[in-house]
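**Q** Fold the stuff below for me.
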Amino acid sequence: MNRAEAINFWREIRNTTFISEAISKFHRYHKYSSERTLERYVQANTAFEKNENINDQALKQIASAIGWKVEFLKKVYEWWVSEFRKPVQNISESSSQTNVITTSSEIERHLDNLESLGKELRDSMVFPDFITASKSNLCIEDPTQDHPANNNPQEIFGCNTGVSTIVNDPLFPYLKKHLGGNACWGKLDELAMKYSEFIKSAMKARKAIYEIFDKAFPDQITPSTKEILVDSIISDISQWVSGISGIDFDYNITQEKDGWSLQLGAWRIMTCGKRQIPEQIIELHKNLLQTLPKKHEVMTLINTEKELKLAVIEFRHSLLPDDLLRKYIRSGHCELCS
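**A** Below you'll find the model as predicted:
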């Protein structure tokens, strides 16, 4: 894992008592991180929390217990300290309250940290899938109305993105100083706007699909069942938009003790009453799979996702190549190293 992913994972395990579930969830979304690797990051977090001051000897003991090399653990520890133990310095504070770096070695380390953060900002653009986006809690006012997008990156990227850890990093204000007039900030603002539009479009599409099921079955099925049906539809849209063939829903109806169950691929719902209800659900479900791609809300969602991906590419290009990013950072100054 890189620094941003590690910090996201540590935040998640700190906010739950179900560590094993957090590990499984993170593994599902980050296939390259094995569950054993994530367990090691849990061990590291626990060890760091228990030790107020960790010296080289303590690092050797922790590394031995976890099964990591000491050099790698040191890097992981620096990540952890930067997020959970380092006090946040407000860039607007007076210079008398700012810890100015004076030695050449400290300045070089500071510049290396800024360069690393800049690369993470460029490479960590991970956004939620259609379903997660449609259920987002991002504060964008009424999703059914058109409002000017709030494109403040530090607010827009506050959650559910790979950028959130970086824009909230204590070093982020200093990175902005070093890259002062760089085109990346205009691209980041545009990216934030496109992300906000993507979230709004996903929420509108979800609402529109839900209303179709709600109108067809006002009382025959529960709201939670309608939500499951919406998830299945949005998942299918997400797959074919990504170039993957649509989902095989099977549509298996089974009689149960208290009604009928309908298996829709990975989704299972329960209905009461006559078998006619699940049959009607299948008919509507199949029809929507054919007609929804032409529905305004769905077409808008697809287009805004394409625009978001394009904005990501343009932002990344503004911070490439590595040697140019390095040059920009080292030619700039901030309160810490000026």
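
**Q** okay, CA-based contacts and neighbour counts for the rest of this
**A** OK.

**Q** For whatever residue is furthest in space from the centre of the chain, report the pLDDT, please.
**A** In the chain, counting by Cα atoms, centre = their mean, residue 274 sits farthest out from the average C-alpha position, at 42.1 Å. Looking at residue 274, its pLDDT is 87.

**Q** In contact with it: list those residues for me.
**A** 259, 260 (Cα atoms under 8 Å, 6 or more residues apart in numbering).

**Q** Kindly recompute the last result at 10 Å.
**A** 255, 259, 260 (Cα atoms under 10 Å, 6 or more residues apart in numbering).

**Q** my guess is residue 230 meets residue 210, correct?
**A** Yes: with contact defined as Cα atoms under 10 Å, residue 230 counts as touching residue 210 (6.0 Å).

**Q** more crowded one of the two?
**A** residue 230 (23 against 18; other Cα atoms under 10 Å).

**Q** Tell me how far stretch 315-332 lies from the chain's centre.
**A** 24 Å (Cα atoms, centre = their mean, to the nearest Å).

**Q** List of residues touching that stretch?
**A** 107-108, 111-112, 114-116, 118-119, 121-125, 174-191, 309-311, 338.

**Q** Residue 289 - nearest residue in space that isn't next to it in sequence?
**A** Spatial nearest neighbour of residue 289, chain neighbours left out: residue 233 (7.0 Å); criterion: Cα to Cα, 6 or more residues apart in numbering.

**Q** which is the next helix or strand following the helix or strand bottoming out on mean pLDDT in the chain?
**A** For the chain, using mean pLDDT, DSSP states H and E, the weakest element among its helices and strands is helix 153-156, scoring a mean of 63. On the C-terminal side of helix 153-156, the closest following helix or strand by DSSP states H and E is helix 164-167.

**Q** ok, how many other residues are close to the closest residue to residue 201 other than its chain neighbours?
**A** Using Cα to Cα, 6+ apart and skipping residues adjacent in sequence, the residue nearest residue 201 is residue 301, 4.9 Å away. Using other Cα under 10 Å, the number of residues around residue 301 comes to 24.

**Q** so who does residue 301 touch?
**A** Neighbour list for residue 301: 130, 134, 197-206, 293, 307 [criterion: Cα under 10 Å, 6+ apart].

**Q** What mean pLDDT does the helix or strand hosting residue 24 get?
**A** Using DSSP H and E, the element containing residue 24 is helix 19-29. pLDDT averaged over helix 19-29 equals 74, rounded to a whole number.

**Q** What helices and strands are in contact with that helix?
**A** Contacts defined by 3 or more Cα pairs under 10 Å, 6 or more residues apart in numbering; DSSP states H and E place helix 19-29 against helix 3-14, helix 35-50.

**Q** Determine how far the shortest one lies from the middle of the whole chain.
**A** From the chain centre to the centre of helix 3-14 is a distance of 12 Å (Cα atoms, centre = their mean).

**Q** returning to that earlier point: so which of the contacts of residue 274 sits lowest on pLDDT?
**A** residue 259 (88).

**Q** ok, now which ones touch that one?
**A** Taking Cα under 10 Å, 6+ apart, one finds 270, 271, 272, 273, 274, 275 in contact with residue 259.

**Q** tell me the phi and psi of it?
**A** phi 150, psi -140 (degrees, to the nearest 10).

**Q** Beta-bridge partners for it, please?
**A** residue 256 (DSSP bridges).

**Q** separation between residue 56 and residue 46?
**A** If you measure residue 56 against residue 46 using Cα to Cα, to the nearest Å, the figure is 17 Å.

**Q** Show me what the longest helix seen in the chain is packed against.
**A** Determined from DSSP state H, the single longest helix within the chain is helix 184-216. Contacts defined by 3+ Cα pairs under 10 Å, 6+ apart place helix 184-216 against helix 104-123, helix 130-134, helix 153-156, helix 223-241, helix 276-291, helix 296-317.

**Q** Which of these has the lowest mean pLDDT?
**A** Note on these: helix 153-156 shows the lowest mean pLDDT, a mean of 63.

**Q** Name whatever forms a beta bridge with residue 252.
**A** With DSSP bridges as the rule, residue 252 is bridged to residue 263.

**Q** thinking again about what came up before, now do the SS call for the residue farthest from the centre of the chain.
**A** Three-state assignment for residue 274 (DSSP: H, G, I helix; E, B strand; the rest coil): coil.

**Q** Phi, psi for it please.
**A** According to degrees, to the nearest 10, residue 274 has phi -80, psi 160.

**Q** What residues of the helix or strand where residue 174 lies count as buried?
**A** Taking DSSP H and E as the criterion, residue 174 maps to helix 172-178. Across helix 172-178, burial judged by 16 or more other Cα atoms under 10 Å covers 172, 173, 174, 175, 176, 177, 178.
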